[in-house]
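Undergrad: Would you be able to build a 3D model of this:
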Amino acid sequence: MEMEMNRRDGIMVGMTSVHRPSHKRGGSQNSKCKRCCKRFTTFLFSHVGLCALVIGYSIMGAFAFRALEAPYEVKKAEHVSHLRQETVRRLWEITDKLNVLYKDNWTRMVSHEVRHFQTELIAAVKDGYDGKDGGSQQWSFSGAFLYSLTVITTIGK
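TA: Okay, the predicted model is just below:
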């Protein structure tokens, strides 16, 4: 009988040699997952990963700000547009009902309507109306992205 020494594990065995599975070659699923998670974490905390996270966070913030703020902006612009149309309609009714030859009555009624319009318009401006009725909005995607990026950059040291 001959004693053999297992070269890999250094175990002395009798007539047969014992081979233990190597953890270095194939590796188990668990170790593959750990390696993958470690690589992913290393990437995330690298400069490229951090830049990607900031951009991703800014994009998510842009969608959130746009979803929260844009409907209110549109609603406010529609309110002022409706207010303007209603004021014009009332001015026309005043002009149609009263004889324009009686200037004092017409002037008094129109002045009242204009004052009412001014009061409502000032309240709308204080509430966030910026004078734009349609088309471009402050809370477009690019505006919301810029705001989100500004918030992130001002939070730091």
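Undergrad: For my notes, confirm Gly131 occurs in a helix.
TA: No - using DSSP: H, G, I helix; E, B strand; the rest coil, the assignment for Gly131 is coil, not a helix.
Undergrad: what number of residues lie near it?
TA: 9 (other Cβ atoms under 10 Å). Quick note: C-beta positions are derived from backbone N, CA and C, even for glycine.
Undergrad: Quick check: chain neighbours aside, which residue is closest to it?
TA: The shortest distance from Gly131 to any non-neighbouring residue, by Cβ to Cβ, 6 or more residues apart in numbering, is to Val125 (7.8 Å).
Undergrad: Gly49 touches Gly56, doesn't it?
TA: No - counting by Cβ atoms under 8 Å, Gly49 sits too far from Gly56 to count as a contact (10.3 Å).
Undergrad: picking up where we left off before, packing partners of the helix or strand hosting the residue nearest to Gly131?
TA: Using DSSP states H and E, Val125 maps to helix 103-126. Where contact means 3 or more Cβ pairs under 8 Å, 6 or more residues apart in numbering; DSSP states H and E, helix 103-126 is packed against helix 47-97.
Undergrad: What's the local residue count around the residue lying closest to Arg84 once chain neighbours are set aside?
TA: Closest residue to Arg84 apart from its sequence neighbours, by Cβ to Cβ, 6+ apart: Phe117 at 7.5 Å. Neighbourhood size, Phe117 [other Cβ under 10 Å]: 18.
Undergrad: Isn't Phe117 up against Gln85?
TA: No - look at Phe117 against Gln85 with Cβ under 8 Å: they stay out of range, at 10.9 Å.
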